[in-house]
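Asker: Quick one, fold the following:
(one chain, ligands or ions: 2)
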Amino acid sequence: MKPTISPSILNCDIADLAGELHKIRNADFAHVDIMDNHFVPNLTWGLPVVEAVVAKDIMPVDCHLMIEGPDQWAPAYAEAGAASVTFHAEAAKAPLRLANEIHKQGAKVGLGLKPTTDIHDYVDLLPAFDMILVMTVEPGFGGQPFLHSQMKKIGRVREAAKQAGAEIAIQVDGGVNRETIQIAAEAGADVFVAGSAVFRAEDAYQEVEQLRRIASEAMHAH
Ligand code: DX5
Ligand code: ZN
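Answerer: Residues are numbered from 1 along each chain as shown. Ligands and ions are numbered 1, 2, ... in the order given. As a prediction, the model looks like this:
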């Protein structure tokens, strides 16, 4: 299995979004963080920015919705052309219905888990999802340190997916860098979001290459 590298544009130079996307043209996805000042104490952007990134057509878009009311708002992100839409378990009222609606729009669906949310309550829902996002920071901001405490959860998600016979990708998001990507890959993650590690690097393109190489080696050694 190959790692998927999904740089977060949260802390890129948004005044030069096209240039920043071009820098990471070797990435598998662009991870776009949608925050609403309610689910998390931060506000970013919404549909118009997703539409703009989709229209550039450099790479597929992975939307991470850190918003209240995803039942109401999430399908529009799939309709806008996001290849993958992740909403949070803590915010969704009817996660199965919502997963169906997003799938109907032709996008993959992810279920996000904050650090204090375990997979236990969601085990029976796993077959409805393409991806589980194990947050490795409290969502809301880039540049926070990686929570090693979340590695056991990755193992539990892997085990539950195996039991359910479901093919599930496991994404980690928050504090992912050259060191922590190896730890997360060894724990069983296969989709890696990195924001500051990529955009604060001298050469974002090379950083994506490095992260992919390190993750790939860790996944194969495992
Ligand atoms: C945080 C966001 C992340 C963030 C990651 O809530 O979901 O995607 O951009 O940034 P780093 O990699 O800097 O932790
Ligand atoms: Zn994110």
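Asker: make it CA atoms for all contacts and neighbour counts henceforth
Answerer: Fine.
Asker: which bits of this protein sit near ligand 1?
Answerer: By the rule C-alpha under 6 Å from any ligand atom, the part of the chain lying against ligand 1 is 8, 10, 33, 139-144, 173-176, 194-197.
Asker: mind running it again at 5 Å?
Answerer: Taking C-alpha under 5 Å from any ligand atom as the test, the list of the chain residues beside ligand 1 reads 8, 10, 139-143, 174-175, 194-196.
Asker: Which among those residues count as buried?
Answerer: The neighbour-count criterion (16 or more other C-alpha atoms under 10 Å) marks 8, 10, 139-142, 174-175, 194-196 among the residues of the chain next to ligand 1 as buried.
Asker: which stretches of this protein form helices?
Answerer: Counting by DSSP state H, residue ranges of the helices within the chain are 17-23, 47-56, 70-79, 95-104, 151-164, 178-187, 196-199, 204-221.
Asker: Now residue 87: closest residue in space that isn't a chain neighbour?
Answerer: Spatial nearest neighbour of residue 87, chain neighbours left out: residue 65 (5.0 Å); criterion: C-alpha to C-alpha, 6 or more residues apart in numbering.
Asker: what's across from the one you found in the sheet?
Answerer: When bridges are assigned using DSSP bridges, the partners listed for residue 65 are residue 34, residue 87.
Asker: Run a quick neighbour tally on residue 115.
Answerer: Residues within reach of residue 115, counting by other C-alpha atoms under 10 Å, total 16.
Asker: again with residue 38
Answerer: Residue 38 is surrounded by 12 other residues when neighbours are defined as other C-alpha under 10 Å.
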